[in-house]
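J.: Need a 3D model of the sequence below.
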Amino acid sequence: MRGAGDLGHMGAGGAVLPARLRGWLEPVAALAALVVVVLGIRYAGAGGPGAMDTRIREAVEAPGTQWWHVATATNFLGEPLGAALLVGALVTGCVLLRCPRGAVLVVAGAGLTVGTTTLLKPLVGRTIHDGNLSYPSGHTAFLTAIALAVALLVAGRLRLGAAAGTLLVLTTALVAGAAMGWAQVVMDAHYPTDAVGGFCTALAVLPVTARLVDRIGDRIADRIRDRGAERATGRTAGTGQRERR
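T.: Numbering: from 1, shown residues only. Okay, here's the model as predicted:
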């Protein structure tokens, strides 16, 4: 029964998107989705920076060697190898902490977020550097999604209230998204608005993914409890029959 109890952490008590945070984060997700759509329509088919991109690029001065290394290291977290290492480390941590639902959220959240950016790029058709599709930024979306997943798990584990939990989740996401977005702009891999689109894509996809993980986890936990109850009932009935004999 120990294994069932551990998996039971996938029940309501171990929700990765606690009800107290749902009412705050779901409207944020809807607003983020709207921003993704608006920017996608605005820059559909574009092959250069917009006015906002130009202003932000001018504000971000060319970094020195030290900051260039920081940008390169940050960018590595969004590359296939770096992303795999990061996800693997987080999944391992979740398994060691007996939080299977958290491990699922990390993998599914990152995968669905990056998958969404991959689907949106040809639909929007914005390009940079010899026709490379750029909107929204997959690197920015990935790191933001990872940050959101981790922050949700921390908020749940610490049992933070609605305001504190939401503040932690959004602040963590903003820091991660800003860091990767800055790296993408500094390395001239994306326009600034590509990074904004990637950030908002993660904000839109991750809460929905977390809600889906919770629903599936609740169903699994319910089935485990039902089977446990059936077995207990069967054992009780068997014991009663033996006593009557």
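
J.: so residue 124 touches residue 42, yeah?
T.: No. Using C-beta atoms under 8 Å, residue 124 is not in contact with residue 42, being 9.5 Å away. Heads up, the C-betas are built off the backbone N, CA and C, glycines and all.

J.: Looking at the two, which is more packed in?
T.: Using other C-beta atoms under 10 Å, the more surrounded residue of residue 124 and residue 42 is residue 124, with 23 against 15.

J.: Against residue 49, how distant is the more buried one?
T.: 15 Å (C-beta to C-beta, to the nearest Å).

J.: and what of residue 209?
T.: 31 Å.

J.: And residue 218, by the same measure?
T.: Noted for residue 218: a distance of 46 Å to residue 49, by C-beta to C-beta.

J.: Quick check: which ranges of this protein have low pLDDT?
T.: For the chain, residues meeting the criterion pLDDT under 70 lie at 1-13, 61-63, 226, 228-245.

J.: so where do the helices sit in it?
T.: For the chain, applying DSSP state H gives helices covering 2-7, 19-42, 51-59, 65-76, 80-96, 100-124, 138-157, 162-186, 192-244.

J.: Looking at those helices, spot the one closest to residue 131.
T.: helix 100-124 (11.6 Å; C-beta to C-beta).

J.: now the residue positioned nearest the centre of the chain: how far from residue 64?
T.: By C-alpha atoms, centre = their mean, the chain has its centre lying nearest to residue 145, at 2.8 Å. Using C-beta to C-beta, we find residue 145 at a distance of 30 Å from residue 64.

J.: got it, and residue 157?
T.: 39 Å.

J.: Have a look at the two and say which one is more surrounded.
T.: Comparing residue 157 with residue 64 by other C-beta under 10 Å, the one with more neighbours is residue 157, at 12 against 8.

J.: Okay, residue 48 and residue 187: tell me how far apart.
T.: 17 Å.

J.: higher neighbour count, the two?
T.: In this view residue 48 and residue 187 are compared by other C-beta under 10 Å, and residue 187 has more residues nearby, 15 against 11.

J.: ok, the more buried one - contacts?
T.: By C-beta atoms under 8 Å, 6 or more residues apart in numbering, the contact list for residue 187 reads 71-72, 75.

J.: Most neighbours among those, which one is it?
T.: Ranked by the number of neighbours (other C-beta under 10 Å), those place residue 71 first, at 20 neighbours.

J.: contacting residues for that one?
T.: 63, 182-183, 186-187.

J.: buried subset of these?
T.: With burial judged by 16 or more other C-beta atoms under 10 Å, the buried subset of the contacts of residue 71 is 182-183, 186.

J.: out of the contacts of residue 71, who's nearest residue 117?
T.: Nearest to residue 117 out of these is residue 183 (C-beta to C-beta; 16.1 Å).

J.: and the closest one, what does it touch?
T.: Taking C-beta under 8 Å, 6+ apart, one finds 70-72, 74-75, 139 in contact with residue 183.

J.: so can I have JSON lines of those showing distance to residue 86?
T.: Formatted as JSON lines, the contacts of residue 183 follow (distance: C-beta to C-beta, whole Å):
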{"residue": "70", "distance to residue 86": "17"}
{"residue": "71", "distance to residue 86": "17"}
{"residue": "72", "distance to residue 86": "16"}
{"residue": "74", "distance to residue 86": "12"}
{"residue": "75", "distance to residue 86": "13"}
{"residue": "139", "distance to residue 86": "12"}
